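In: Below are the sequence and a predicted model for it; my questions follow.
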Amino acid sequence: MVVIKEDKYWFFTHFIADRVAVISQVDVFFYFLVTTLCIIQ
């Protein structure tokens, strides 16, 4: 049972890490997009 709990915790931690990585990529893309629009204007 302990091994299963550790596996769930590991999966949960990596799931959060993946979500944070995706959010970071979106933030970088959004920042790049805003900067490009500011340069054009």
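Out: Good, I have the coordinates. Numbers count the residues shown, from 1 in each chain.

In: Phe12: neighbouring residues, count only.
Out: Other residues lying near Phe12 total 10 when counted by other CB atoms under 10 Å. Every C-beta, even on glycine, is put in place using the N, C-alpha and C of the backbone.

In: mind checking which helix or strand it is in?
Out: Element membership for Phe12, per DSSP states H and E: helix 2-40.

In: Just give me how far that helix sits from the chain centre.
Out: 0 Å (CA atoms, centre = their mean, to the nearest Å).

In: which parts of it are buried?
Out: Residues of helix 2-40 classed as buried by neighbour count (16 or more other CB atoms under 10 Å): none.

In: Kindly export stretch 12-28 (C-alpha atoms) in CSV.
Out: What follows is stretch 12-28 as a C-alpha-only set of coordinates in CSV (Å, rounded to 0.1, in the frame of the first residue of the first chain):
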residue,chain,number,x,y,z
PHE,A,12,0.7,14.0,-8.6
THR,A,13,4.0,15.9,-8.3
HIS,A,14,5.0,15.4,-11.9
PHE,A,15,1.4,16.4,-13.0
ILE,A,16,1.8,19.7,-11.2
ALA,A,17,5.3,20.2,-12.6
ASP,A,18,3.9,19.6,-16.1
ARG,A,19,1.1,22.1,-15.5
VAL,A,20,3.6,24.7,-14.3
ALA,A,21,5.9,24.1,-17.3
VAL,A,22,2.9,24.6,-19.7
ILE,A,23,1.8,27.8,-17.9
SER,A,24,5.4,29.1,-18.0
GLN,A,25,5.6,28.5,-21.8
VAL,A,26,2.2,30.3,-22.3
ASP,A,27,3.5,33.3,-20.2
VAL,A,28,6.6,33.5,-22.3
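
In: And the pLDDT at Lys8?
Out: Predicted confidence (pLDDT) for Lys8: 78.
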